[in-house]
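> can't give you the sequence, but here's the structure:
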């Protein structure tokens, strides 16, 4: 997933916002409150760690990292972080090899293929933790002449994306959209042609929510068997904007930039639009399956049965860190960075196309970050 | 521009194509690397030891460079082979005839390169068909027709095309060229759809096709073809041209009787270099070509992926050696394909060199 296109804009916006925030006495009590970053126990940030942190991994969180890096530099003047968006696989590999201070990954460490063991070895025989710091909403964008509002269920979406539903005026779609005149034109599915975590999460969502209609499994490659693939989020968004009758999945910020119409998702309690609030609600209801401070998430449950009034289609990306086993300077810096990311860093996330952390979840993360030694 | 040298050594020139052919390949084995020692120096024996030492060093360096490049190519081939063998052994599909490339799951590899090969060849050949006549025209215009003060800046301009990064070409192709040529593509599809090259395509994204990609590739290889052909044509012996003119030849006849026979081999080799570039072009095609789960039908309006673009699409997220090896196996085929193209080019050059 390449979200880098907005890097500069985001960086400028973040820098501007931080300058403004710096005028107030406490950044945490500022405008960030709406984004859920106001918190009663915002831990102190110790800036005396090592000056430059290295991290690598998932490109899905690249823009969030840019926002976090700006916030981190504003807080700790001399500190720097370099995040190299080479992909989740590379992030885990580099972290386990001890080449970077923490890794970014679209999926938690996998115990069955030895990643967990390798990570523990890298952390001087201490467990590594998966901390889901970044949540990215995924929009189902479409372009159909005369249709400005569209509601889908997981089941209907699955049938569209695996070719069981072929035309826009199919009774299954019409039943969900009474009052909308759907044209009799073919549905043009657009998918990501490059391997990506967005595709993986989208397919997991379809698998969990479609009541068996999606039989194609998941994975980073689109398995639907229909449609046309475009490269990168930018390519998908551009293809959607330029192709009549098209529908596809793309990260929120790209859908917004290309002014795509976005489908509402009905998970049983009526159509829900994609907003910060509705995604936040879904994130707040996520089940944590990891133990203690290892916050591995089970998104399947949220995908299958999200809280009423929440938008369930989003992806989570993790920071993979050592619970213990860093040298003192690195541990201090990693803690400082992650603390800033979970607090000040949240304020400008929405502009970068991510969902800010809900308050309760933010507390869990901060507790985990503080426990790093 | 090199008139004095050319006319200065008439004995050495003889057949025009000989001279060109020799500078490409023929003379090298003749003179041979072992024969690099100059003819016995006339300065006497005292100077000779000095000359020989420098000579030996130079010979060592030159031989070293030659051996290095051969070893490097051998090492690349060996690396590709070593990486490609394990996944090939676990492949559930026929590597050469399967049209699906499923290499994501290391426990269930099922990949074949047929569609990759077909798309790669079709898009490259299409680009070559567009670029070859145009490149020839530009090179002839620059060397034979254009006045010198126009030819020079014009030549630089064409060379400048070669310096444009391919990602720029890709973005230009997708965002500017594709929408612009879409009406023409639709016209071809409606009126010539009965012909397999123009039959309706297998992708739904307008313009993300082999057609657009081929045109972009043609623009990308144009400077290579033009630059080399221009150099070759400019070296047509002045005496030949003047002889033709003296016989009352028109400009067109001069080109046909002297410039073209002299430069043909160079032009073909330039085109093959261009083809090599087209076969391996990655990022522009990754951006332009739409992926499709359907098979390649041979139409210019199909999508798909070439060897290089397929590898680029998947490489960022590869996390195990077997999946990576499957893509390297595809890369190996591209390596062999490029080799074959170059061998064919050599053969064409030698043959036309002998004929002229």
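Alright, I've got the coordinates. Note that the structure is a prediction, hence the values are computed from the model and not measured.
> confirm residue B:54 sits in a helix?
Yes - Residue B:54 sits within a helix when classified using DSSP: H, G, I helix; E, B strand; the rest coil.
> how close does it sit to chain A?
Applying CB to the nearest CB, to the nearest Å, the value for residue B:54 to chain A is 47 Å. In short, each C-beta sits where N, CA and C put it, glycine included.
> what's the neighbour count on that residue?
Number of residues near residue B:54 (other CB atoms under 10 Å in any protein chain shown) recorded here: 9.
> is the residue in the stretch 1-150 of chain B positioned nearest to chain A within a helix or a strand, and which one?
For the stretch 1-150 of chain B, the residue closest to chain A is residue B:104, as judged by CB to the nearest CB, at 5.0 Å. Per DSSP states H and E, residue B:104 falls between elements, in no helix or strand.
> did I read that right, residue A:137 in a helix?
No - read with three-state DSSP, residue A:137 is strand and lies in no helix.
> residues in contact with it?
Counting by CB atoms under 8 Å, 6 or more residues apart in numbering or on different chains, residue A:137 touches A:251-252, A:274, A:279, A:311, A:313-314, A:353-355.
> mind listing which of those are in helices?
Under the assignment DSSP state H, the contacts of residue A:137 contribute A:252, A:279 to helices.
> where's the dip in pLDDT among the contacts of residue A:137?
Here the lowest pLDDT out of the contacts of residue A:137 sits on residue A:353, with 85.
> for it, give its distance to chain B.
According to CB to the nearest CB, residue A:353 stands 20 Å off from chain B.
> count the neighbours of that residue for me.
Other residues lying near residue A:353 total 22 when counted by other CB under 10 Å.
> can you tell me the closest non-neighbouring residue to it?
residue A:253 (2.4 Å; CB to CB, 6 or more residues apart in numbering or on different chains).
> ok, residue A:285 to chain B distance?
Distance of residue A:285 to chain B, computed by CB to the nearest CB: 29 Å.
> rewinding a little: can you pull the contacts of the residue of the stretch 1-150 of chain B closest to chain A?
Residue B:104 is in contact with A:195, A:219-221, B:314, B:323, counting by CB under 8 Å, 6+ apart.
> and the residues you listed as CSV, adding neighbour count and pLDDT?
Shown next, in CSV, are the contacts of residue B:104 (neighbours: other CB atoms under 10 Å in any protein chain shown; pLDDT from 0 to 100):
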residue, neighbour count, pLDDT
A:195, 23, 84
A:219, 15, 83
A:220, 26, 84
A:221, 24, 87
B:314, 23, 84
B:323, 23, 86
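> list just the nearest of the residues you listed to residue B:289.
Lowest distance from residue B:289 to the contacts of residue B:104 (CB to CB) belongs to residue B:314, with 14.0 Å.
> okay, and that closest one sits in which element?
Using DSSP H and E, the element containing residue B:314 is helix B:307-315.
> what are the buried residues along the helix or strand following that helix?
Note on helix B:307-315: by DSSP H and E, the next helix or strand toward the C-terminus is helix B:321-355. By neighbour count on 16 or more other CB atoms under 10 Å in any protein chain shown, the buried set for helix B:321-355 is B:322-335, B:337-338, B:341, B:345, B:348-349, B:352-353.
> please apply the same query to stretch A:184-193.
For stretch A:184-193, a neighbour-count test (16+ other CB under 10 Å) marks A:187-193 as buried.
> where does the residue in the stretch 201-350 of chain A positioned nearest to chain B land in three-state SS?
Relative to chain B, the nearest point of the stretch 201-350 of chain A is residue A:229 (2.8 Å; CB to the nearest CB). Assigned by three-state DSSP, the conformation of residue A:229 is strand.
> give me every residue that touches it.
A:190-193, A:222, B:290-292, B:303.
> pick the one among these closest to residue A:261.
Closest approach between the contacts of residue A:229 and residue A:261, by CB to CB: residue A:190, at 13.7 Å.
> just the pLDDT for the closest one.
94.
> also residue A:18?
Residue A:18 carries a pLDDT value of 45.
> who's in contact with residue 285?
Unless you meant another one, I'm taking chain A. Applying CB under 8 Å, 6+ apart to residue A:285 gives the contacts A:302, A:306-307, A:310.
> other chain: chain B
Neighbours of residue B:285 in contact, by CB under 8 Å, 6+ apart: B:123, B:170, B:213, B:217, B:305-306, B:308-309.
> which residue is the nearest non-sequential neighbour of it?
Once flanking residues are discounted, residue B:285 sits nearest to residue B:309: 4.3 Å by CB to CB, 6+ apart.
> surely that neighbour meets residue B:282?
Yes - in this structure, residue B:309 is within contact of residue B:282 by CB atoms under 8 Å, at 6.0 Å.
> which residues of the stretch 51-200 of chain B lie near chain A?
Contacts of the stretch 51-200 of chain B with chain A, taken as CB under 8 Å from any CB of the partner chain, map to B:102, B:104-105, B:174-175, B:179.
> try it again at 7 Å.
When proximity is defined by CB under 7 Å from any CB of the partner chain, the stretch 51-200 of chain B lies next to chain A at residue B:104.
> show me where pLDDT drops low in the stretch 51-200 of chain B?
Applying pLDDT under 70 to the stretch 51-200 of chain B flags residues B:51.
> for it, which segments are assigned as strands?
Shown for the stretch 51-200 of chain B, the strands assigned by DSSP state E, counting those that start in this stretch span residues B:101-102, B:110-111.
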